[in-house]
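# Let's see this in three dimensions:
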Amino acid sequence: MTDQKPDTFRKDAERVARDERDIQAGIDRQDAASNSSEEPKAMQAGAREYPAPPLPQQHPKKPGLEADLKLEPMYDAPFYKGSGKLEGCAALITGADSGIGRAVAVLYAREGCDVAIGYLDEDEDAQATKAAVEKEGRRAILLPGDVADPDYARHAVAKTLEAFGRLDVLVNNAAFQEHANDLEQITDAHFDRTIKTNLYGYFYMARAAAPHMKPGAAMVMTGSVVGLQGAGELLDYGMTKGGIHAFARSLSAQLMPKGIRVNVVAPGPVWTPLNPADRPDVSKFGSGVPMGRPAQPEELAPAYVFLASPQMSSYITGEILPVIGGY
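The predicted structure is shown next:
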């Protein structure tokens, strides 16, 4: 009996090897049947289909107008149904004229929130956001100005309170981004503008808003996957986004006794005026993420609703929520 075991082991091994080759052959046949020259299709998992690369070439002047983009960002989320998650609230959103900010303004309004629209000088875009908020049956005001100016921050908060009588949500979203492939390409003016808009602006707006916010209020900040993973061509921008993550986490601890929550949404690539205004070639923008395409603004906006609503995230503060199209 003992002498027969080696033969049995060999026969078993040969059988397993044949089984493995059969499995391999099946997969090989499937691989051969598929067209390996075709690019993988972008993942579509939303309520409607979203554009995938190649995207139209365009390089508008900064800060970039949404109204001028050949491919209009999708912001109105027609399948999203409001349910009073921000009923009776008032929000101040910077960078709300276009992109993520506009999509957030629309969903906040759909959830019952009045909206103060902060922006730089993109009046046409801002008017379109205002009209979209009013279409949802809520009030909107326009607040042009530079978030890097502490006087503007105080003015924006004061005008929001004057218009709506309260301030429940601050969304720090305004941003400046300009790529540079070499450290020495980043001039002092370039570096200064990135830091001033993305860090000073967030600090000044938070400092102006906090004294007027009551328990249950929330601050939501726009971070970035670049602040989590880094990006060589976005050195200064990545530095500020990492700083925003740290600022929000620290501020959440400081404002906890006041009942104010502070959280961050960290997007991956999103189709907004920011990116075509940064790079002349955006045809493959977003193709490098696992989903194979950039997000549309309306795909980000529900995360901002979630983090703003005391009904949905009352036990969440100091968190960074990545919305990056997969790992």
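# buried stuff in stretch 121-141?
By neighbour count on 16 or more other Cβ atoms under 10 Å, the buried set for stretch 121-141 is 122, 125-126, 128-130, 132-133, 136, 138, 140-141. No exception for glycine: its C-beta is placed from N, CA and C like everyone else's.
# With stretch 244-251 instead?
Those buried within stretch 244-251 under the rule 16+ other Cβ under 10 Å are 244-245, 247-249, 251.
# For my notes, please list those residues in TSV and give pLDDT, distance to residue 72 and secondary structure for each entry.
Listed next are the buried residues of stretch 244-251 as TSV, based on pLDDT from 0 to 100; distance: Cβ to Cβ, whole Å; DSSP: H, G, I helix; E, B strand; the rest coil:
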residue	pLDDT	distance to residue 72	secondary structure
244	97	28	helix
245	97	30	helix
247	98	33	helix
248	98	31	helix
249	98	35	helix
251	98	35	helix
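# Could I get the contacting residues of the nearest residue to residue 244 once chain neighbours are set aside?
Distances taken as Cβ to Cβ, 6 or more residues apart in numbering place residue 223 nearest to residue 244, at 4.9 Å, with adjacent residues excluded. Residue 223 makes contact with 241, 244-245, 248, 264-267, 320 under the criterion Cβ atoms under 8 Å, 6 or more residues apart in numbering.
# How about residue 221?
Counted by Cβ under 8 Å, 6+ apart, residue 221 has contacts 171-173, 202, 244, 247-248, 262-265.
# Let's see which of those residues end up in strands.
When those are checked against strands (DSSP state E), the matches are 171-172, 262-265.
# rewinding a little: of the contacts of residue 223, closest to residue 82?
Ranked by distance to residue 82 (Cβ to Cβ), these are led by residue 265 at 19.1 Å.
# what sits opposite that closest one in the beta ladder?
Beta bridges link residue 265 to residue 222, residue 321, judged by DSSP bridges.
# Distance-wise, check it relative to residue 52.
As judged by Cβ to Cβ, to the nearest Å, residue 265 and residue 52 stand 22 Å apart.
# Show me which of the two is the more surrounded one.
Between residue 265 and residue 52, counted using other Cβ atoms under 10 Å, the more crowded position is residue 265 (25 against 17).
# The more buried one and residue 302 touch, don't they?
No. In this structure, residue 265 is not within contact of residue 302 by Cβ atoms under 8 Å, at 10.0 Å.
# which parts of the host helix or strand of residue 193 are buried?
Using DSSP states H and E, the element containing residue 193 is helix 188-195. By neighbour count with 16+ other Cβ under 10 Å, helix 188-195 contains the buried residues 193-195.
# What is the nearest of these to residue 99?
residue 194 (17.3 Å).
# For that closest one, give me its contacts.
Residue 194 touches 176-178, 236-237, 239-240, counting by Cβ under 8 Å, 6+ apart.
# again, but for residue 272
Contacts of residue 272 by Cβ under 8 Å, 6+ apart are 64, 66, 73, 98-100, 297.
# one more time with 7 Å
Contacts for residue 272 (Cβ atoms under 7 Å, 6 or more residues apart in numbering) come out as 73, 98-100, 297.
# Would you mind measuring from it to residue 122?
For residue 272 relative to residue 122 (Cβ to Cβ), the value is 12 Å.
# measure the nearest residue to residue 45 once chain neighbours are set aside to residue 77 for me?
The spatially closest residue to residue 45, leaving aside those adjacent along the chain, is residue 291, at 7.9 Å (Cβ to Cβ, 6+ apart). Residue 291 sits at a distance of 18 Å from residue 77 (criterion: Cβ to Cβ).
# who touches the closest residue to residue 320 other than its chain neighbours in this structure?
Ranked by Cβ to Cβ, 6+ apart and with sequence neighbours excluded, the top spatial neighbour of residue 320 is residue 264, at 4.5 Å. Neighbour list for residue 264: 221, 223, 244-245, 248, 320-321 [criterion: Cβ under 7 Å, 6+ apart].
# Which helix or strand contains the closest residue to residue 79 other than its chain neighbours?
Leaving out its chain neighbours, the residue that sits closest to residue 79 by Cβ to Cβ, 6+ apart is residue 47, at 3.8 Å. Following DSSP H and E, one finds residue 47 outside all helices and strands.
# what about residue 47, neighbour count?
Neighbours of residue 47 using other Cβ under 10 Å come to 11.
# same check, this time on residue 13
Residue 13: 10 neighbours (other Cβ under 10 Å).
# Double-check that it belongs to a helix.
Yes. According to DSSP: H, G, I helix; E, B strand; the rest coil, residue 13 belongs to a helix.
# can you map out the helices along the stretch 201-327 of the chain?
201-209, 225-229, 235-255, 274-278, 297-308 (DSSP state H, counting those that start in this stretch).
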